[in-house]
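> okay, sequence plus prediction incoming.
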Amino acid sequence: MRGSRKPAIVAVAVAAALAIAACSSSSSSSSSSTSASSSSSSSSAKVTLTWWNNGNTQPLLGVWQSVAAEFHASHPNVTINVDPIQSDLFTTKMPIALKSDNPPDVFQQWGGGQEATQFTSGKLANLSSLTSSWITELGQAAAGWQVNGAQYGIPYDQHVVGFWYRKDLFAKAGITSPPTTIAQLESDDAKLKAAGITPISLGGGSRWPDAFYWEYFAVRDCSQSVLQSSIKAINMTAPCFTQATKDLTAFMATNPFQGGFNATQAQTGAGSSAGLLANGKAAMELQGDWETSVVPALTSDKNIVSQLGWFPFPQVPGGAGASTAVLSGGDGFSCTTGASEPACAEFLQYIDSTPVQEELVQKGGVGLPANTAAETVLTDPALQAAAAAHRNAAYDAEYFDIAFPTNPGQALDTALANFFAGKGSNETIINSVSSSSGH
Amino acid sequence: MARTQSAPAAGRDTASSRPAAAGARPPRRRRGLRKRVELTALLAPAIVLFIGFVIVPMIFAAWYSLYNWSGFGPLNDFIGVQNYTGVLTGPVFHQALLHNVIIAVLSLVIQLPISIGLALLLNRRVRGRTFLRLAVFAPFVLSEATAAVMWYELLQPGGPLDALLKAVGLGGLIHYWLASTSLVLYSVFVVATWKYIGFGIVLLLAGLQGIPPELREAAAIDGATPWQVTRAVTLPLLGPTIRIWIFLSVIGSLQLFDLVWIMTLGGPANASSTMLTYQYTNGVQRTEFGYGATVSVVLFVISLVFALGYQRYALRRDTSGALTRAVT
Amino acid sequence: MTAASARLGRRAPRRDVIRERRTWLSLPASYLVILLVLAITLAPMLYMIVGGFSTTAQLNANPNALPHPWVWSNYAAIATSSIFWQAVANSVVVAVVATGLAVSLGSMAAFALSRYTFRGREAFYLLFVVGLLFPLNTAALPLFLLLQQIGLNDNLLGVALPEAAFSLPVTIVIMRPFMRAIPGELEDAAIVDGATRIRFFLRILLPLSRPALITVGILAFVTSWNSYLLPLIVFTSQNHYTLPLAVASFQSTYTQDTARVYAFTSVSMIPALAIFIFAQRKLVGGLVGAIRG
């Protein structure tokens, strides 16, 4: 009967597939091991480091590969397996990896309260003693990567958030110099609108760009001590935060953003907020210094980076915060506990060495280096301006969703995004960071 | 159906009453044992695989819901039902649940008739039938991510859809498909319909093709109009398949996630949230794994209540339908 | 039904007349509907396929225009990309295992649950239905830990086995009524002829259930093919990536090379569509056999 051959074929196919799967599994188990059988000294034992970084796009993709190769050349006993993973996926993969027996030896870290949350897994390596000889070169930057005073992460770049603007569109609207106060910004917005240009693009669909605005108003309105103690206590009931909401509301009432901004993504495709800026469909965007590495891929204009200028977030009249304070952050790496710690620490030291930092800045497009000695190679005037603003800032305020532990940080982002979409109030923002809220 | 030799019509239940025939059956006790062996051989592999990879993780996930746990570190903050009260009394969760219900209802009211109509249409001997079936099924074959990204691009302000509407003079209909809090849920529904209708049609086609055309022809000979034929013959015989479709569709609506997440992240401002986007936002992103597990358990209970009720009132009919026979 | 069969025995219907009157939607109207359906289902995909022939710069500047000129480099780059073929191979292995297991184990279980009576039968059925109700997302973390314990991490089987398990409920829910609908007389006749139940299952029931088998096979295959979250969690090394992971990774690597992403995604649709076409033929062929018996 016709049907009788079918089960046989199916069985053969399944068996073959099972065999293939089994064979491939045995070859895989050796590739991501972190064997370091003997001593803690990395200079003698053979070590393989599994490295999860978020450089899955060019040019950073290529730069990290060459950094790993260079390190291996000078440390032949250390082999590095580079695993680039898209940035947003770390939220999903890290908790799972840190629960497994075999987490990656080196992985992307953003510091702050997020790092403190991961710290509770017990798998983050304490690098204080392994880095004490050189960590001071990084200055203040390294402080954001400590938990309870000990070093659990090492930054490789720094970020500062400010306004990126298109010089050509400013000229078209008759704006001769960037605004320094909010009032000036609003009048510039009006000029741009009169010239038929969308003043500011905003990636509301990604949530975190919304947060920059409110957080900057908070940084301008709150004194340094109130700001720092509030973040430490995860409590935003101080009146300056309410003032920030007021200021934001007034600013939003001038309608500076593109239509449908609530669904616009920040960096994906030409329709993203970065893409709008890159293609001349908007004049400004409040973003981090990574903007210069994001926009080239979004437009056919080869000279896009030279078209962009930078100015710091304007001053807010009557604010208790310093007018030069900046919202900042950075990228870095953490090591996981185990025999690979020394090799990991050496690798991170290598990444923060001036030559590699210069390579990251010039070729990798990371923005501002963690090691300020490498700032001399910055050629783009806009980035130089951003670097100067960071250097001269009265103090740094880490972006709140990183400064807070992950739970309240994400809740704040969501509450702010809702507020921008017209569904929220000052109360929902202020209270979002308390643990039982936002549900 | 094939013509078989006639068998005794009634009173056919145990072997002992069966007339002896060539290849006599073994005595009753060994048949009981044999039956049990057969059953084990048939059921056991599926059961083992299923319990191992589905039930066991489920139980663990339910266990996590009793803890306040960030996903890192040990499970040591037992809080009992506190997560549950948080979920069940939270207005954001209620909103997400409402969205799921809306989508389920819309799919019954809109997708089902369209699927049946298209399945009937595609069952006819029209030219290029295979190609048509392929075309209709193709969206289902796409991965969620691909479909979501594609539609995200198409629905951009000033994007292809808007351009098309303008070109045919319907520019007045243009809205912010994904940015408007009042429209976004329905935009998501339209995309979901586009993606999943192929599955329903394939299922219904399989059911239709189990209906012999002679039945329809016979009814037509008897003078029924085509519509009457469909209504009185085809649809009832398609009943069991339709009931399965409804079941799977409602469950699917309750579990909608990937498509929504990639297109809208459940936003803006939770306007397109579903229970699972809520779970991801509050459970994974906020590293409250215990809370996230709670949402899953609640979702599971809701689905279970529906499934049990549906089983009792709708699917029970199929067990004693005209085409089935009880088998000992 | 017996009445109709009896009638058939009596006289042959006039096929030509019947065909004309058989439907309630006239032929031209049907074609119109079909065209509309085709347009709606295919247009978005065509947009992507055609977009793959464009360049990103063009797409950014004017997303709705046809490519001008048509470039082959995007598609060519994919055809020569080892990552793509590796991912296809991985997806094939995983999908074949998952589908094979789900369909074979599922139909065996459906047979037991549809044509045997035994104590606890409905409880077993409910157990499977229960699995349908629990989303994979939450099971992800415990599942990962389980896989780690049994050593199936970063292993193709570590994805195929859970996928098969999660496909079992749908398979059983669909197959059980189909199998039930096969009349008891067939089974009686087979047994009278000396066949065992299992023989009846393999030789008669399965072939008759072919439409349903193909359907659940397609469902299981497509589900496995498009699965994203589970492979994301289980696989750490890139050379194990299945196609959706490769697409997503590709998408973010060539992040804003929209044209290239379109090309990659278009090509990744092909294998699943091909399987469907292949299965479709069998579906049609199987029916004729099933009905004529």
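Yep, that arrived.

> of all residues in the stretch 51-200 of chain A, which one is closest to chain C?
For the stretch 51-200 of chain A, the residue closest to chain C is residue A:86, as judged by CB to the nearest CB, at 4.0 Å. All C-beta spots, glycine's among them, are computed from the backbone N, C-alpha and C.

> residue contacts, that residue?
If you count contacts by CB atoms under 8 Å, 6 or more residues apart in numbering or on different chains, residue A:86 has them with A:54, A:56, C:248-249, C:252.

> give me the mean pLDDT for stretch B:240-254.
Summarised as a single mean, pLDDT over stretch B:240-254 is 88.

> ok, stretch A:46-66 next?
For stretch A:46-66, the mean pLDDT works out to 87.

> can that stretch be found next to chain B?
No - judged by CB under 8 Å from any CB of the partner chain, stretch A:46-66 and chain B are separated, with a smallest distance of 15.7 Å.

> hmm, that stretch in reach of chain C?
Yes - judged by CB under 8 Å from any CB, stretch A:46-66 comes into contact with chain C through A:50, A:56-58, A:61.

> got TSV for those residues, with secondary structure, distance to residue C:189 and neighbour count too?
Formatted as TSV, the residues of stretch A:46-66 next to chain C follow (DSSP: H, G, I helix; E, B strand; the rest coil; distance: CB to CB, whole Å; neighbours: other CB atoms under 10 Å in any protein chain shown):
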residue	secondary structure	distance to residue C:189	neighbour count
A:50	strand	63	24
A:56	coil	62	21
A:57	coil	66	22
A:58	coil	68	17
A:61	helix	66	15
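
> can you pick out the most distant pair from those?
The largest separation in those, counting by CB to CB, is between A:50 and A:58 at 21.9 Å.

> which regions of the stretch 1-150 of chain B sit below the pLDDT cut-off?
Residue ranges of the stretch 1-150 of chain B with pLDDT under 70: B:1-30.

> an error on my part: the question was meant for chain C.
By pLDDT under 70, the low-scoring segments of chain C are C:1-26, C:60-61, C:63, C:138, C:251-257, C:280-293.

> show me the residues around residue C:65 that make contact.
residue C:58.

> quick check: which element contains residue 212?
All of this refers to chain A. Counting by DSSP states H and E, the element that carries residue A:212 is helix A:208-221.

> sorry, should have said chain C
Residue C:212 belongs to helix C:210-226 when assigned by DSSP H and E.

> what's that helix packed up against?
Contacts defined by 3 or more CB pairs under 8 Å, 6 or more residues apart in numbering or on different chains; DSSP states H and E place helix C:210-226 against helix B:129-141, helix B:184-208, helix C:82-115, helix C:156-181, helix C:243-253, helix C:258-292.

> out of those helices, which one sits most buried?
Ranked by average neighbour count under the criterion mean count of other CB atoms under 10 Å in any protein chain shown, the helices and strands packed on helix C:210-226 are headed by helix C:156-181 at a mean of 26.

> can you give me the offset of that helix from its chain's centre?
Relative to its parent chain, helix C:156-181 has a centroid offset of 11 Å by CA atoms, centre = their mean, to the nearest Å.

> cool, and stretch A:85-102?
Relative to the centre of its chain, stretch A:85-102 is centred 16 Å away, using CA atoms, centre = their mean.

> just stretch B:106-125 next, same as before
In this view, stretch B:106-125 has its centroid 15 Å away from the chain centroid, taken as CA atoms, centre = their mean.

> for it, output the C-alpha coordinates as CSV.
Output in CSV follows, covering the C-alpha atoms of stretch B:106-125 (Å, rounded to 0.1, in the frame of the first residue of the first chain):
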residue,chain,number,x,y,z
LEU,B,106,-12.2,40.5,16.6
SER,B,107,-10.5,37.4,15.2
LEU,B,108,-13.7,35.5,15.7
VAL,B,109,-15.9,38.1,14.2
ILE,B,110,-13.6,39.1,11.3
GLN,B,111,-11.0,36.5,10.7
LEU,B,112,-13.2,33.4,10.9
PRO,B,113,-15.7,34.4,8.2
ILE,B,114,-13.0,35.6,5.9
SER,B,115,-11.1,32.3,6.4
ILE,B,116,-14.1,30.2,5.7
GLY,B,117,-15.0,32.2,2.7
LEU,B,118,-11.5,32.0,1.3
ALA,B,119,-11.1,28.3,2.1
LEU,B,120,-14.4,27.6,0.3
LEU,B,121,-13.1,29.7,-2.6
LEU,B,122,-9.8,28.0,-2.7
ASN,B,123,-11.3,24.6,-2.6
ARG,B,124,-12.9,25.2,-6.0
ARG,B,125,-11.3,24.1,-9.1
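
> residues touching it, excluding its own?
So stretch B:106-125 is in contact with B:129, B:132-133, B:136, B:189, B:192-193, B:196-197, B:200-201, B:204-205, B:208-209, B:230, B:234-235, B:238, B:242, B:245-246, B:249-250, B:253, C:19, C:22-23, C:25, C:30, C:33-34, C:37, going by CB under 8 Å, 6+ apart.

> does stretch B:251-261 reach chain C?
Yes - under the criterion of CB under 8 Å from any CB, stretch B:251-261 makes contact with chain C via B:251, B:255, B:257-258.

> right, is that stretch up against chain A?
No - using CB under 8 Å from any CB, stretch B:251-261 never reaches chain A; the gap is at least 11.0 Å.

> how long is that stretch end to end?
Chord length of stretch B:251-261, first to last residue, is 18 Å (CA to CA, to the nearest Å).

> give me the contacts around it.
Residues contacting stretch B:251-261 (CB under 8 Å, 6+ apart): B:100, B:103-104, B:107, B:144-145, B:147-148, B:188, B:191-192, B:195-196, B:266, B:272-277, B:280, B:299, B:302-303, B:306-307, C:132-133, C:135, C:137, C:228-229.

> chain center to that stretch: distance?
Distance of stretch B:251-261 from the chain centroid (CA atoms, centre = their mean) equals 11 Å.

> what residues go with each domain of chain A?
A:47-159+A:329-391, A:161-328+A:396-431 (automatic domain parsing).

> looking at those domains, spot the one closest to residue C:76.
The nearest among the domains of chain A, by CB to CB, is domain A:47-159+A:329-391 at 19.0 Å.

> show me which pair in the contacts of residue A:86 is furthest apart.
Using CB to CB, the contacts of residue A:86 span at most 14.0 Å, a distance reached by A:54 and C:248.

> that older thread, from the contacts of stretch B:251-261, which land in helices?
If you go by DSSP state H, the contacts of stretch B:251-261 have B:100, B:103-104, B:144-145, B:147-148, B:188, B:191-192, B:195-196, B:275-277, B:299, B:302-303, B:306-307, C:132, C:137, C:229 in helices.

> centre-most residue in chain B?
residue B:248 (1.9 Å; CA atoms, centre = their mean).

> relative to helix B:184-208, how tilted is the helix or strand where that residue lies?
Taking DSSP H and E as the definition, residue B:248 sits inside helix B:235-254. Counting by axes from the mean of the first three to the mean of the last three CA atoms, to 10 degrees, helix B:235-254 points 140 degrees away from the direction of helix B:184-208.

> quick one on the thing from earlier: the residue nearest to the centre of chain B against residue C:171, yeah?
No - between residue B:248 and residue C:171 there is no contact under CB atoms under 8 Å: 11.7 Å.

> coming back round to it: which one among the contacts of residue A:86 gets closest to residue A:150?
Among those, and counting by CB to CB, the member closest to residue A:150 is residue A:54, at 24.2 Å.

> find the nearest non-adjacent residue to that closest one, please.
In space, and not counting its chain neighbours, residue A:54 is closest to residue A:87: 4.2 Å by CB to CB, 6 or more residues apart in numbering or on different chains.

> could you tell me how many residues sit around the closest residue to residue A:350 other than its chain neighbours?
Excluding the flanking residues, the one nearest residue A:350 by CB to CB, 6+ apart is residue A:71, at 5.3 Å. Using other CB atoms under 10 Å in any protein chain shown, residue A:71 has 19 other residues around it.
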